[in-house]
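K.L.:
Sequence and predicted model, in that order:
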Amino acid sequence: MDIVYRPLDIANVHHFQQIKKLIDADLSEPYSIYVYRYFLNQWPELVYLAFDAADPVLPIGCIICKMEPHRACRMRGYIGMLAVESSYRGRGIAKRLVTKVIEIMQREKCDEIMLETEVENSAALNLYEQFGFIRMKRMFRYYLNEGDAFKLILPLTNKSCIRSTFLAMNST
C-alpha cells in the first residue's frame, strides 16, 4: 500500500472537514473552528496530509504545526495536532508526517520544537522520543478530560539549551 504525502490545500473544504474528523476522533479535547483556522491560515506550509494512493481524495493522516519567535530570542516550532486514521496505524505514517515538519522547521531555522501529549499515550511518547524529544515537565490535569500531559522539546540548536533570560541579555 502506497501512502502519498502532500501539503495542505487551504482552499479544499473536503480536506478541512476530514482533518477535523481525524483530530476529533483521536485527540483528548475538541477544538473549535477558530483553533483550526488559527493554525491553517497562518502556517499552511506546516500542515501536511497523508493519503492512501488508492484513494487520494480524503486524507487518512495529518499533522498541524506552527512556528514563531519565542521571547524574542529564539525561533520555536510547535506540533499542535497529529492524527492517523485508526485502520492505517502502525505503518509509519505518523513518523513520516513528523519527519516532514521537522525538516521544514530545521530549514526555517527553528531552534527547538515543542509539543504536549497525554501521559497515558505511550505510542505518541515512543514516537516523539525516537526523534529525540525530551520530556520537560509533567502538567497535571492539563486536558479538559483532566488527563495529565508531558511537555516535550526537541532541541535543534544550542540556543535551545540556554535559558531565554541569558539569550536576551546576549542580544543587547
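P.N.:
Received the coordinates, thanks. Numbering: from 1, shown residues only.
K.L.:
in this structure, what spans have low per-residue confidence?
P.N.:
Within the chain, the ranges that satisfy pLDDT under 70 run 165-172.
K.L.:
repeat that for 50
P.N.:
Counting by pLDDT under 50, the low-confidence segments of the chain come to 172.
K.L.:
quick one, helices of it?
P.N.:
Counting by DSSP state H, the chain forms helices over residues 13-26, 33-42, 93-107, 122-130, 164-170, given from the N-terminal end onward.
K.L.:
mind putting those in TSV, distance to residue 143 and mean neighbour count included?
P.N.:
Where C-beta positions appear, they are placed from N, C-alpha and C, glycine not excepted. What follows is the helices of the chain, written out as TSV (distance: least, Cβ to Cβ, whole Å; neighbours: other Cβ atoms under 10 Å):
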stretch	distance to residue 143	mean neighbour count
helix 13-26	13	16
helix 33-42	14	14
helix 93-107	20	18
helix 122-130	13	14
helix 164-170	26	12
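K.L.:
Now render the ones you listed as a markdown table, adding distance to residue 50.
P.N.:
What follows is these, written out as a markdown table (distance: least, Cβ to Cβ, whole Å):
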| stretch | distance to residue 50 |
| --- | --- |
| helix 13-26 | 10 |
| helix 33-42 | 16 |
| helix 93-107 | 5 |
| helix 122-130 | 14 |
| helix 164-170 | 35 |
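K.L.:
Tell me which of the ones you listed lies nearest to residue 54.
P.N.:
Closest approach to residue 54 among those is made by helix 93-107 (14.3 Å; Cβ to Cβ).
K.L.:
Who are the packing partners of that closest one?
P.N.:
Secondary structure elements in contact with helix 93-107, counted by 3 or more Cβ pairs under 8 Å, 6 or more residues apart in numbering; DSSP states H and E, are strand 3-7, strand 47-52, strand 55-70, strand 74-84, helix 122-130.
K.L.:
Done for today, thanks.
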